[in-house]
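# Sequence first, then the predicted structure, then my questions.
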Amino acid sequence: MSPVSPKLSPTKRTPPPEWFPGPIFIWIFLFLSLFYFARLGSLPLEKQNKELGYGDFYSMLEANPRTPTLKNGARVMSEITGDLTTGEKYHVVVPEHDPDLERLLRENMPHYEIRPEKTFWTQLLYAVIGPLLFVGLFWFLLYRGGGAAGGGRLMAFGKSRARLGSSTKITFQDVAGVEEAKSEL
């Protein structure tokens, strides 16, 4: 016996394959966007800070009123970062409780501030919110944004799937008594 192949009737057609493979595209897009943001986070956006020793920083700070080399500074816990007058950025690790250093910083540095420490949760929030907003906006535009444009999918264009309702079927028997019924039909 030969295998029976089902014959398709001429009125029933198989739908054409979708041009836009939704779930596969979403996974590829998510992978590429995560790779992009991970790579973007590892690149230095600014020049590297000049690492100063505590002794060098202290002597620069003592001599700052006579020969200004320190432009500004910000302290976060036991680290001070700021700008030199040459335009370079500096970074120095200092002891947490040094009253002489605090006095010198207030007296000899023109713009000095103390900033709170960045916590793990704020860094995580900034690292996650941006990519999530980007992916969410893309998903909204792709699947939900075209609601009035037919179907609610941005890439779902092509042949309309709208069908006419069934019309009332009038037969010759219904109009048998009418003059010239055959010609009217």
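Right, received. Where do you want to start?
# Any regions of this protein where pLDDT drops low?
Across the chain, the ranges flagged by pLDDT under 70 are 1-22, 40-47, 66-69, 72, 143-161, 165, 175-185.
# How many residues are close by residue 33?
14 (other Cβ atoms under 10 Å). C-beta coordinates here come from the backbone N, C-alpha and C atoms, glycine included.
# Hmm, it is touching residue 133, no?
No - between residue 33 and residue 133 there is no contact under Cβ atoms under 8 Å: 11.3 Å.
# All the strands of this structure, in order from the start?
Counting by DSSP state E, the chain has these strands, from start to end: 50-52, 70-76, 79-84, 89-93, 111-114.
# now these as CSV including mean neighbour count and distance to residue 25?
Listed next are the strands of the chain as CSV, based on neighbours: other Cβ atoms under 10 Å; distance: least, Cβ to Cβ, whole Å:
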stretch, mean neighbour count, distance to residue 25
strand 50-52, 13, 46
strand 70-76, 17, 43
strand 79-84, 17, 43
strand 89-93, 17, 42
strand 111-114, 13, 48
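# Relative to residue 166, which of those is closest?
Judged by Cβ to Cβ, the one of the strands of the chain that comes nearest to residue 166 is strand 70-76, at 75.3 Å.
# Show me what that closest one pairs with in its sheet, parallel or antiparallel.
If you go by DSSP bridges, strand 70-76 pairs up with strand 79-84 (antiparallel), strand 111-114 (parallel).
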